[in-house]
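Trainee: Everything below, folded, please.
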Amino acid sequence: MTDHLLRYGVPARLIHWIMALLVLGMIPVGFLMVREGLDRSFQNFLFISHKNVGVLLLILIIVRLIYRWRNPPVLDPVALPKAQEFAAHATHIGLYALLFIMPLAGYVRVRAGEFPIEALDAMGIPALVPRSEALAEFAKAVHFYGAYAIAVLVAIHIVAAAYHGLVRRDGIFSRMWPPVGPKS
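Mentor: Numbers count the residues shown, from 1 in each chain. Okay, the predicted model is just below:
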């Protein structure tokens, strides 16, 4: 089969790796920023960074979903056992769902709690949810438990990618390898 049928397009790979790096940064920052005893200015920096990168991630996941809808996934280079195929599909659905839900829950938590989101405020984008402690607390809980869920799914995704790239060497990993050089 030709390479373009087995590899994801450059836009899909770029968005994947940009989001991967951002999410891998957001997880520890999210857990660190809520710790007691941090220097207040450092904690504020972490909160501001987390909120604004969250806005970027929401935009990227929307772009990614639109791109995926318009450009269906590539063919698998090898046949996978049904259990692996199911696990991969379930993990991807979970990741896509959480990559959409997490920034939305964060947005609702922040805006319903009447906190700023500096990137949106600078663009003059008003809050789209009303002030509500109950709504803010619900969104906070969704975001809190979602953080653990996304951390687990990201770990599973990384382990599976490493297994296919380093152990099986079956071409699954290389389909999403970052675009590098003129032949990407």
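
Trainee: what about the residue nearest the centre of the chain, which helix or strand?
Mentor: Centre of the chain computed as the mean C-alpha position; nearest residue by Cα atoms, centre = their mean is residue 99, 4.2 Å away. Assigned by DSSP states H and E, residue 99 belongs to helix 82-112.

Trainee: which residues touch the closest residue to the residue nearest to the centre of the chain other than its chain neighbours?
Mentor: Computed as Cβ to Cβ, 6 or more residues apart in numbering, the closest residue to residue 99 that is not its neighbour in sequence is residue 61, at 4.5 Å. C-beta: built from backbone N, CA, C; applies to glycine. Residue 61 makes contacts with 19, 96, 99, 100, 103, as judged by Cβ atoms under 8 Å, 6 or more residues apart in numbering.

Trainee: Now residue 61: phi and psi?
Mentor: Summarising the backbone geometry of residue 61 under the convention degrees, to the nearest 10, its torsions are phi -70, psi -30.

Trainee: Residue 69 now?
Mentor: Taking degrees, to the nearest 10 as the convention, residue 69 sits at phi -60, psi -40.

Trainee: What pLDDT is listed against it?
Mentor: Residue 69 is assigned a predicted lDDT (pLDDT) of 92.

Trainee: State the distance from it to residue 169.
Mentor: Taking Cβ to Cβ, to the nearest Å as the measure, residue 69 falls 31 Å from residue 169.

Trainee: Tell me where the chain has helices.
Mentor: All helices of the chain, identified by DSSP state H, fall at 3-6, 10-33, 40-70, 82-112, 118-122, 133-162.

Trainee: Which one of these lies nearest to residue 179?
Mentor: Closest to residue 179 of the helices of the chain, according to Cβ to Cβ: helix 10-33, at 4.6 Å.

Trainee: and the closest one with helix 133-162, angle?
Mentor: Helix 10-33 runs at 120 degrees relative to helix 133-162, counting by axes from the mean of the first three to the mean of the last three Cα atoms, to 10 degrees.

Trainee: buried set for helix 10-33?
Mentor: Taking 16 or more other Cβ atoms under 10 Å as the neighbour-count basis, helix 10-33 is seen to contain the buried residues 12, 13, 15, 16, 19, 20, 23, 26, 27, 30, 33.

Trainee: any chance of those in TSV, with pLDDT and distance to residue 125 too?
Mentor: As requested, these are arranged in TSV below (pLDDT from 0 to 100; distance: Cβ to Cβ, whole Å):
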residue	pLDDT	distance to residue 125
12	92	28
13	92	30
15	95	23
16	95	27
19	97	22
20	97	27
23	98	23
26	97	21
27	97	26
30	96	22
33	97	23
